[in-house]
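Colleague: predicted coordinates and the sequence they were generated for:
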Amino acid sequence: MADKVICITSGKGGVGKSTVTANVATALAMKGYKVAAIDADIGLRNLDLVLGLENRIVYDLVHVVEGVVPAEKALVKDKRTKNLYLLPAAQTKDKSAVKPEDLIRIVEELRDKFDFIFIDSPAGIEEGFKTAVAPADTIIVIANPEMASIRDADRVVGLCEAMQKPEPKLVINKIDPAKVARGDMLDVDDVTQILSLDLLGVVPEDKNMVAYINRGEPAVLFPESIAGRALRNVAERLLGKEVPFMELKVQEGFLDKLKKLFGSD
Amino acid sequence: MDFKLRGTNVIGIELLTNRENFSVEGIKRFISEKKQLLKGARFLISVEDYLLNREELEELLNFISTEEKITFCGFKTNLKENRELCVAMGIPCDISTLELEKKRERSSTEEVKLVKKTLRSGDKETSTGDLIIMGDVNPGAEVEAGGDVYVLGNLRGFVRAGIGKSEGEVRALFFQAPRLELCGKEVEFERNEKFINFKARVKNGKIKIEHLKRGI
């Protein structure tokens, strides 16, 4: 089996860390693996929202650190996906409430009981990031195909290297084939060339993603979702399977189809 | 006695003395006071036209050798007699005026540094002399060198080369950086401007950019 404890990080905020965490964790749980997702973004929790578990939280990560409850008791069981559990972050505390050794201890407590443990890292490269990365066997860096995100992801990779962690794997999120074709967005090759990391997945921009997040329903639950399909492939690759990358085609609009019909370019 | 200092941590720090203010005790006291500042940098003592004697040199050397964190690289002088004495005692010594006439020739103490990795955003590599990077220099990474810089990969970060020199060059297999500083001269490039087999050179006070192929 592949590595167990997986930290999802990015440096930059808003690139889709929580979305990828929720979806890949759900995809693996759907395959029958027992999965725990830990939200390490203390003070700015939102993994519970993406998973639709926000109204079921009783205890959080800080309660576990303070010894109020054991880690297992603080876990929130997912209502839709059997085998998926969430350890939510505290919303009323800040990043300093959990130290790297605390998270290492909590992960060790859960390690034998789960097939996979995902840690959703906060944005930035400070204390919160270092805490989230500390217990990880594998690190997944999420980058959007834009320079600011790539530069931050690159910085995170350098920091992981300095922390003597294994080389992170890369997921490129929110790629828009139409913008790439127009030259308005970097393509997959541009990103992988700069970051020189193993590519774990390419997730296309999905116009329904905001709706899925707002409804608290991970995209992997919907077979028609293109991003959901790409995220299920990420889960497969984490299991060590060789899954070909999806061919990202520009979706033709009505006008494009009409032009084609009349033979003009 | 207060002496002046010249230079940077990268190209080295020079303590400036002359016939009027040279004093072994003064220099010793000054070094003790500025120990933290001199830590890790190449350190030179310039004596200009003051005629050194063997006892003074030995006393200074003995003192500096007790300061572990100081990398002493020798003396600078205008007098041939000082240079001959230093050479006889096995101490590096440059003739300042001649050196200036020769457009700041390379000092023999400059290093040539080889970095075998990709510099990622936030990484910084420095060298007192030439710097060879066998990997990429990514956006957000910085390179500073007293000598030339050679990147055997893609140069997308910031390079400052030839610091304190009048001649130097930067070469990269691929170049896509927004700017570059060579021998104090700055060049800016268009966003997304790419070069293959890139070479920037400063000679006779002019900067020249050469490349095999250019593209946007």
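Modeller: Looks like it arrived, so ask away. Given the structure is predicted, the values throughout are model-derived calculations rather than measurements.
Colleague: what number of residues lie near residue A:43?
Modeller: Around residue A:43 sit 16 other residues, with neighbours defined as other Cβ atoms under 10 Å in any protein chain shown. C-beta: built from backbone N, CA, C; applies to glycine.
Colleague: list the contacts of residue A:16.
Modeller: Residue A:16 makes contact with A:10, A:142, A:144, A:173-174, A:203, according to Cβ atoms under 8 Å, 6 or more residues apart in numbering or on different chains.
Colleague: if I look at it, how far off is chain B?
Modeller: In this view, residue A:16 and chain B are 20 Å apart by Cβ to the nearest Cβ, to the nearest Å.
Colleague: what do you get for residue A:163?
Modeller: 13 Å.
Colleague: that residue: neighbour count?
Modeller: Residue A:163 has 14 neighbouring residues, counting by other Cβ under 10 Å.
Colleague: closest to chain B among the contacts of residue A:16?
Modeller: Taking Cβ to the nearest Cβ as the measure, chain B lies nearest residue A:10 of these, at 12.7 Å.
Colleague: pretty sure that closest one contacts residue A:123?
Modeller: Yes - the criterion here is Cβ atoms under 8 Å, and residue A:10 meets it with residue A:123 at 6.7 Å.
Colleague: okay, those two: which has more neighbours?
Modeller: residue A:10 (26 against 19).
Colleague: quick one: contacts for the closest residue in space to the more buried one that isn't next to it in sequence?
Modeller: Leaving aside its sequence neighbours, residue A:10 sits nearest to residue A:142 (Cβ to Cβ, 6 or more residues apart in numbering or on different chains; 4.3 Å). The contact partners of residue A:142, by Cβ under 8 Å, 6+ apart, come to A:8-10, A:15-17, A:20, A:153, A:171, A:173.
Colleague: just curious, which of those residues is nearest to chain B?
Modeller: Scanning the contacts of residue A:142 for proximity to chain B, where the rule is Cβ to the nearest Cβ, the winner is residue A:153, at 8.2 Å.
Colleague: assign a three-state SS to the closest one, would you?
Modeller: Following DSSP: H, G, I helix; E, B strand; the rest coil, we place residue A:153 in the helix state.
Colleague: wait, it sits on residue A:123?
Modeller: No - with contact defined as Cβ under 8 Å, residue A:153 and residue A:123 do not form a contacting pair (11.3 Å).
Colleague: which neighbours do the two have in common?
Modeller: Joint contacts of residue A:153 and residue A:123 (Cβ under 8 Å, 6+ apart) are A:10-12.
Colleague: give the contact list for residue B:209.
Modeller: Contact partners of residue B:209, counting by Cβ under 8 Å, 6+ apart, are B:187, B:198-200.
Colleague: those residues in strands, which ones?
Modeller: B:187, B:198-200 (DSSP state E).
Colleague: so which of the residues you listed is the most crowded?
Modeller: Within those, neighbour counts (other Cβ under 10 Å) peak at residue B:200, which reaches 26 neighbours.
Colleague: and that residue, what does it touch?
Modeller: Applying Cβ under 8 Å, 6+ apart, the residues near residue B:200 are B:169-171, B:180, B:182, B:187, B:207-210.
Colleague: give me the number of residues near the nearest residue to it once chain neighbours are set aside?
Modeller: In space, and not counting its chain neighbours, residue B:200 is closest to residue B:170: 4.7 Å by Cβ to Cβ, 6+ apart. Neighbourhood size, residue B:170 [other Cβ under 10 Å]: 29.
Colleague: beta partners of residue B:170?
Modeller: Taking DSSP bridges, one obtains residue B:149, residue B:200 as the residues bridged to residue B:170.
Colleague: which strand or helix spans residue 36?
Modeller: I'll assume chain A. For residue A:36, the element it lies in under DSSP states H and E is strand A:35-39.
Colleague: actually chain B
Modeller: Residue B:36 belongs to helix B:35-38, assigned by DSSP H and E.
Colleague: with residue B:5 instead?
Modeller: strand B:4-8.
Colleague: which residues touch that strand?
Modeller: B:13-16, B:34, B:37, B:41, B:46, B:163-164.
Colleague: mind doing that once more with 6 Å?
Modeller: B:13-16 (Cβ atoms under 6 Å, 6 or more residues apart in numbering or on different chains).
Colleague: between strand B:4-8 and the next helix or strand after that strand, find me the angle.
Modeller: Beyond strand B:4-8 on the C-terminal side, the first helix or strand identified by DSSP H and E is strand B:12-16. On the basis of axes from the mean of the first three to the mean of the last three Cα atoms, to 10 degrees, strand B:12-16 is oriented at 160 degrees to strand B:4-8.
Colleague: looking only at pLDDT, what's the mean for the very next helix or strand once past strand B:12-16?
Modeller: Toward the C-terminus, strand B:12-16 is succeeded by helix B:24-33 as the next helix or strand (DSSP H and E). Helix B:24-33 shows a mean pLDDT of 89 in the predicted model.
Colleague: pull out the buried positions in helix B:24-33.
Modeller: Using 16 or more other Cβ atoms under 10 Å in any protein chain shown as the test for burial, helix B:24-33 gives B:27-28, B:30-31.
Colleague: between it and strand B:4-8, how many degrees?
Modeller: Going by the same axes, to 10 degrees, helix B:24-33 makes 50 degrees with strand B:4-8.
Colleague: who's in contact with helix B:24-33?
Modeller: By Cβ under 6 Å, 6+ apart, helix B:24-33 touches B:1, B:3, B:56, B:59-60, B:63.
Colleague: where does pLDDT dip in the chain?
Modeller: Looking at chain A here, since you left the chain open. In the predicted model of chain A, residues A:1-2, A:250-265 satisfy pLDDT under 70.
Colleague: actually, chain B is the one I wanted.
Modeller: Looking at chain B by pLDDT under 70, you get B:1, B:96-109, B:214-216.
Colleague: need the next SSE after the helix holding residue B:36, C-terminal direction.
Modeller: On the C-terminal side of helix B:35-38, the closest following helix or strand by DSSP H and E is strand B:42-48.
Colleague: which elements pack onto that following strand?
Modeller: strand B:12-16, strand B:71-77 (3 or more Cβ pairs under 6 Å, 6 or more residues apart in numbering or on different chains; DSSP states H and E).
Colleague: next one: that strand to chain centre, how far?
Modeller: 14 Å (Cα atoms, centre = their mean, to the nearest Å).
Colleague: can you check stretch B:61-74 too?
Modeller: Distance, stretch centre to chain centre, for stretch B:61-74: 19 Å (Cα atoms, centre = their mean).
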